[in-house]
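Enquirer: Quick one, fold the following:
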Amino acid sequence: MTIGVISEKVKDLLNLSIIDDDNIYIGETNLLHMEKSHPSDFKKYKDQIPNILKFPDYVGLNPKDNSIEYVKDFWLDNEYVKVAVRISLNGKYYARSLYVLNKKRTENFIKKGTLKKT
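Expert: Predicted structure coming up:
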């Protein structure tokens with residue numbers, strides 16, 4: 001199922017060259033992985049995934065696996081929430097993980113420019 005699109009703004013900020021399919025998909029196995037890995041975060045924010053992908057406050061590239069990190073600041077709860085999007089072997093982008101980030105660490109990434117303000 002399509003859950004979002006990698007926007008031109010994100011492509012520009014992260015210097016991505018996506019030629020074919022810039023849709024972001026999510027499948028049952030992705031949802032199960034998110035729920036199993038971070039159950040309380042998933043329960044609280046699962047309905048926000050499309051919103052986080054469409055209106056992130058920050059984006060970045062993870063150097064370990066080259067995933068696109070979409071981060072939203074939920075200031076009412078004082079939490080940064082990340083949705084990681086990875087490219088699959090067949091060249092499609094999938095939302096793979098969802099969890100609350102460590103606030104101090106996230107603010108350091110923002111200061112260093114690892115996470116770029118959208």
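
Enquirer: and L76, how many neighbours?
Expert: Residues lying near L76 (other Cβ atoms under 10 Å) number 6. (C-beta placed from N, C-alpha, C; glycine too.)

Enquirer: Kindly report the same for Y70.
Expert: Neighbours around Y70, by other Cβ under 10 Å: 28.

Enquirer: I'd say it and Y80 touch.
Expert: No: the criterion here is Cβ atoms under 8 Å, and Y70 misses it with Y80 at 10.8 Å.

Enquirer: Now do the shared contacts for these two.
Expert: By Cβ atoms under 8 Å, 6 or more residues apart in numbering, Y70 and Y80 have these common neighbours: Y58.

Enquirer: can you give me the strands in this structure?
Expert: Applying DSSP state E to the chain gives strands spanning 2-5, 23-25, 58-61, 68-74, 79-87, 93-101, 116-117.

Enquirer: CA atoms only for the third one, dumped as CSV, please.
Expert: What follows is strand 58-61, C-alpha atoms only, in CSV (Å, rounded to 0.1, in the frame of the first residue of the first chain):
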residue,chain,number,x,y,z
TYR,A,58,13.7,17.2,9.7
VAL,A,59,15.1,14.7,7.3
GLY,A,60,18.4,12.9,7.1
LEU,A,61,20.3,10.0,5.5
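
Enquirer: elements contacting it?
Expert: helix 8-14, strand 68-74, strand 116-117 (3 or more Cβ pairs under 8 Å, 6 or more residues apart in numbering; DSSP states H and E).

Enquirer: do the same with the last one
Expert: Of the remaining helices and strands, those touching strand 116-117 by 3+ Cβ pairs under 8 Å, 6+ apart are strand 58-61.

Enquirer: Quickly run through the sheet partners of the strand it packs on, with directions.
Expert: Strand pairing for strand 58-61, using DSSP bridges, gives strand 68-74 (antiparallel), strand 116-117 (antiparallel).

Enquirer: Figure out which of those is closest to I26.
Expert: With Cβ to Cβ as the measure, strand 68-74 is the member of these nearest I26 (12.6 Å).

Enquirer: Identify all contacting residues around stretch 9-20.
Expert: By Cβ under 8 Å, 6+ apart, stretch 9-20 touches I6, D22, P56, V59, G60, L61, I68, Y70, G91, K116, T118.
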